[in-house]
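Undergrad: Pasting the sequence and the predicted model now:
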Amino acid sequence: MAVTERNLQLLAAALALPGVMPSAHAQSAPDKGIFELQYLSYRDWQPGRNRMSVDAPACYALIPLSDTWVVEGGMVYDAMSGASPLYFNVLSGASIGDYRTAGDLKVTKYMGDWAYSVGGFVSSEQDFLSRGGSLNLQFFSDDRNRTWLVGVAGTNDRINATNGVAPNSERNSWEFVVGVTQALTPNDIVQSNLTFYSGHGYYSDPYKPLDTRPSTRDTYAWLTRYNHYFVDADATLKIGYRLLFDSFGDTSNTFEASWAQALPWGFVVTPALRFYTQTSADFYMNPPFPSGFVEGQNYSADTRLASFGAITAGAMVSKTVWDGWNVSLRADYYRQDPDWQVFGSGSPGIQTFSARWFQVNLSKNF
Amino acid sequence: MRLFRQTFRAMAGEHELQLAHHDIAVARRAAAAAIADVKRIEAKYSRYLADSVTSRINAAAGRDAVAIDTETAALLRYAEQCFALSEGLFDITSGVLRRVWDFKADPPRLPTASELASVVQLVGWSRVEWADNAIRLPQAGMEIDFGGIGKEYAADRVATVCLEHGLRHGLVNLSGDVRAIGPQPDGSPWRVGIRHPRAQGAAIAGFDLAAGALATSGDYERYFDVAGTRYCHILNPATGMPVAHWQSVSVVSPLCVVAGSCATIAMLLEDKGAAFLDAQGVQWLGVAADGSLAGPAA
C-alpha cells in the first residue's frame, strides 16, 4: 500500500541516521577499560565429613589500546586442600594439597563490521599442565543487532600424577563454536551457541584405582540464553538452557534463571537458581567398588560420572560505591542428589554432595 | 529511583533533560555525555560558525565540491527523502529566503517582488550535486542548512546516549522538540503540553508520551504581523512567501527527527498537510489559521 511505503520511506531514512536508536549491543571496540579483583572461597562436604576447600584470588583487566585494538587478560591462583572431591568414601585416601596458577591473554581487533580475537592460556599445577590457544571471528550485522561468532580453540594437557600412574600422559583437544547473538528489541536479547569438542589422549583419573576411560572424547553442546529487561521493575531476567551429549555416554541438561533487581542507592540484588541433571557414563559402575570391573574394559567409579541431579541456589549483592567502582558479594549453595535425576533414575548407593562458594569482587571501570 | 534534571543552552535554545536512575551518578554521566553530543552537532552544523561543515559547504558554493563524512551524508539522504515526500517544499537550500525576510525589523517590511525573485532563484535542492562522500552547490550564493533537522536529530541522539548509559526513564526536551527515553519512574507516560500558538505560556492540548517523540512546528517562533496578516518564518521555497494555513502542527512519531520534519512538511503543504500526515500514519494535532483544532488527536 502506498501509504505504508511512504511512511516507511521517511522512518527508514531517519533510522539510517547514526545514533538515533540504540544498537542494544556493543559491537565496536569497548572504549572503557575494566580492572577487577576477586576472591573466591569454596568448601564442599558429604554427610559426616568435610572434603575439599579452595581459596582463589584472581584478577582481570580489559584495556582498550586504541579505537580498534583491545587486550584483556586474567590470572588466578588456587590453593586447594582436602580430600579428592566427589569420590567414594571407601577410597577417599589421597589428600590433596595443591596449588594452581593459571593465566590467559586475548587480543581483539575490530575491523568495522567484523572482529577477530587471538588468545592463549596456560594453567599449571604440580601434576598437570594445560596450554592452549584460540581464534575467534565475530561478524556484526549492519544494524548491529546481530552478531555471529565462529571460533576454534586447541588445548594440550600434560598429566604427571604424583603417584607415578601413567607418567608423561597427554591429551589434545579441539573445540569449535558457532553462535549467534540477536537483540530482538532494546530490552530483549537472545544468544544461541553450538559447541563441538573432540579430544584424544589420557582421560582417566590417575588417583582413582582401576579408573580406565576411553582415549577419545567428543561432546556436543547447545546453549541458549535469553535476557529480558523489565523497564517498569528496573530488573533483568536471565534464563538459560544447555543440552550436552558426551561420547562417554552421559547426557546433561542445565536450566538456569536469575533476576537482577536494581534498588535505590546503586544496589543490585541478583538471586539465581540453577538445576542440573545428568545420566551416567556408559562405563560408570555403581558401588560397591569394584563391582562391574572387567579387565581390559573401560571402568570408572567416579561419582562425577554417575547419574544425579543438582541444584545451585545463590544470590549476589552489588553496589556502585563511587565513580566507576563496583563491589559485589556473592554466595552460592550447591547440592547434588541422585534422587534429583529427572531423565531416568539416579545412580544408587552414592551420597549427597554439597558445596558452597563465597565470592568478593571489586571492579573499576576507567 | 531518583529524578535528575539539567537545563542547558545550545543551538540558540534552552533545553532540559529529566533523567531517572537509582544511581544519580549514572544519570549525571549520561547527561554530560548527551550535552557534549548536542554541542558537537551544533559545532559541526551551525551556519553561524565559520568552520562548521555547513559553512564550509556554503562558502564553496559555485566553486568546489566539499568532502563530507558519513553522518553528513546520512543527514543529506534524510533531507532528500523529506524533499521528495513534500513535493519539493521541504528544501534545505531555502534558508537564503531569510535574506529578504527580517522578522526583527521595526517597523515590519515586506520584501518586494524583485527581492523575492533574487533569492528564490538560489533555492533548489534538485540542482545540488552530491554523493556519499562529497557535495557541491552549483551556484554562488546558494546555501544549505540543517535548521529543520539538526535539533530533532540531536534529541534522538540524546535519547540513545541515555539508553546506552542504562537509563530507561527520562524525557529529552530540546526547546520544544521532545523525545521520551522511557516512561516516568512510576511507569506512567510523560504528559507533554502543546503550546497555544496565540497565547504564550498556555497549553492548547496535551499528549501522553511513554516512548517516541513529539515535535511542533508553528508560525509563532519568528514572525511579524502586517495589517492583520501573520507573516511567519516558514517559507514556501517556490514563492518565497510565508505559509498561512496552520498556526501550528504537532506530530508524534517514534523518532523526533521524523516528528519534526513531518510537522514542518505539513506546515509547508498548507491545505494538503492534513492528507499528508494521515498518509504518514502519524498521530498529529493541527491548529488551523482560525484557531480550530484538526487531526486525529483533536
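TA: Received the coordinates, thanks. Numbers count the residues shown, from 1 in each chain, chains lettered A, B, ... in the order given.

Undergrad: Roughly how far does A:S215 sit from A:F248?
TA: 12 Å (Cβ to Cβ, to the nearest Å). C-beta: built from backbone N, CA, C; applies to glycine.

Undergrad: neighbour count winner among those two?
TA: The residue with more neighbours, out of A:S215 and A:F248 and counting by other Cβ atoms under 10 Å in any protein chain shown, is A:F248; that gives 21 against 13.

Undergrad: That one touches A:F283, doesn't it?
TA: Yes - counting by Cβ atoms under 8 Å, A:F248 touches A:F283, with 7.3 Å between them.

Undergrad: what touches both of the two?
TA: By Cβ atoms under 8 Å, 6 or more residues apart in numbering or on different chains, A:F248 and A:F283 have these common neighbours: A:213-214, A:305.

Undergrad: what's across from A:V327 in the sheet?
TA: Going by DSSP bridges, A:V327 is paired in beta bridges with A:K319, A:L362.

Undergrad: for A:G309, same thing?
TA: On the basis of DSSP bridges, A:G309 is bridged to A:T277, A:D337.

Undergrad: Could you tell me which residues make contact with it?
TA: Residues in contact with A:G309 (Cβ under 8 Å, 6+ apart) are A:275-278, A:336-342, A:346.

Undergrad: of all the residues you listed, which comes closest to chain B?
TA: Nearest to chain B out of those is A:F275 (Cβ to the nearest Cβ; 30.1 Å).

Undergrad: Please identify the helix or strand for the closest residue to that closest one other than its chain neighbours.
TA: Leaving aside its sequence neighbours, A:F275 sits nearest to A:F255 (Cβ to Cβ, 6 or more residues apart in numbering or on different chains; 4.8 Å). A:F255 is part of strand A:251-262, with elements assigned from DSSP states H and E.

Undergrad: Adjacent strands (with direction) for that strand?
TA: Next to strand A:251-262 in the sheet, as set by DSSP bridges, lie strand A:235-246 (antiparallel), strand A:267-278 (antiparallel).

Undergrad: With mean pLDDT as added columns, please give the ones you listed in TSV.
TA: What follows is the strands paired with strand A:251-262, written out as TSV (pLDDT from 0 to 100):
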stretch	mean pLDDT
strand A:235-246	95
strand A:267-278	95
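
Undergrad: mind putting those in CSV, mean neighbour count included?
TA: As requested, the strands paired with strand A:251-262 are exported to CSV (neighbours: other Cβ atoms under 10 Å in any protein chain shown):
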stretch, mean neighbour count
strand A:235-246, 16
strand A:267-278, 17
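
Undergrad: Redo those as JSON lines? Include distance to B:L110.
TA: Output for the strands paired with strand A:251-262, formatted as JSON lines (distance: least, Cβ to Cβ, whole Å):
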{"stretch": "strand A:235-246", "distance to B:L110": "61"}
{"stretch": "strand A:267-278", "distance to B:L110": "63"}
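
Undergrad: which residues does residue 276 contact?
TA: This is for chain A. For A:Y276, counting by Cβ under 8 Å, 6+ apart, the contacting residues are A:252-255, A:309-312.

Undergrad: try again with chain B
TA: By Cβ under 8 Å, 6+ apart, the neighbours of B:F276 are B:85-86, B:262, B:265-266, B:269.

Undergrad: so which strand or helix has it?
TA: Going by DSSP H and E, B:F276 is part of helix B:273-280.

Undergrad: and that helix, which residues are buried?
TA: Using 16 or more other Cβ atoms under 10 Å in any protein chain shown as the test for burial, helix B:273-280 gives B:273-274, B:276-277, B:280.

Undergrad: In the strand holding A:F255, which residues are buried?
TA: For strand A:251-262, the neighbour count (16+ other Cβ under 10 Å) marks A:251-254, A:256, A:258-260, A:262 as buried.

Undergrad: now stretch A:353-366
TA: A:353-357, A:359, A:361, A:363.

Undergrad: what's the answer for stretch A:150-164, then?
TA: Buried-residue list, stretch A:150-164, by 16+ other Cβ under 10 Å: A:151, A:153, A:155, A:157-161.

Undergrad: repeat for stretch B:135-148
TA: Neighbour count says stretch B:135-148 has B:135-137, B:142-148 buried, by 16+ other Cβ under 10 Å.

Undergrad: can you give me the helices in the stretch 51-200 of chain B?
TA: B:53-59, B:70-85, B:113-120, B:150-164 (DSSP state H, counting those that start in this stretch).

Undergrad: between these, which gets nearest to A:D234?
TA: Closest to A:D234 of the helices of the stretch 51-200 of chain B is helix B:150-164 (Cβ to Cβ; 13.6 Å).

Undergrad: which outside residues touch the closest one?
TA: When contacts are defined by Cβ under 8 Å, 6+ apart, helix B:150-164 is touched by residues A:14, A:17, A:19-22, A:186, B:11, B:13, B:17, B:19, B:30-31, B:33-34, B:37-38, B:41-42, B:45, B:75, B:146, B:170, B:172, B:174-175, B:177-181, B:213, B:215, B:255-257, B:259-261.

Undergrad: still on that earlier bit, can you tell me which of the contacts of A:Y276 is nearest B:L209?
TA: For these, the nearest to B:L209 is A:F255 (39.4 Å; Cβ to Cβ).

Undergrad: who's in contact with the closest one?
TA: A:239-241, A:274-276.

Undergrad: count of neighbours near residue 206?
TA: Since no chain was named, I'll use chain A. 19.

Undergrad: That was the other one, I meant chain B.
TA: B:G206 has 14 neighbours, counted by other Cβ under 10 Å.

Undergrad: Brilliant, that's me finished.
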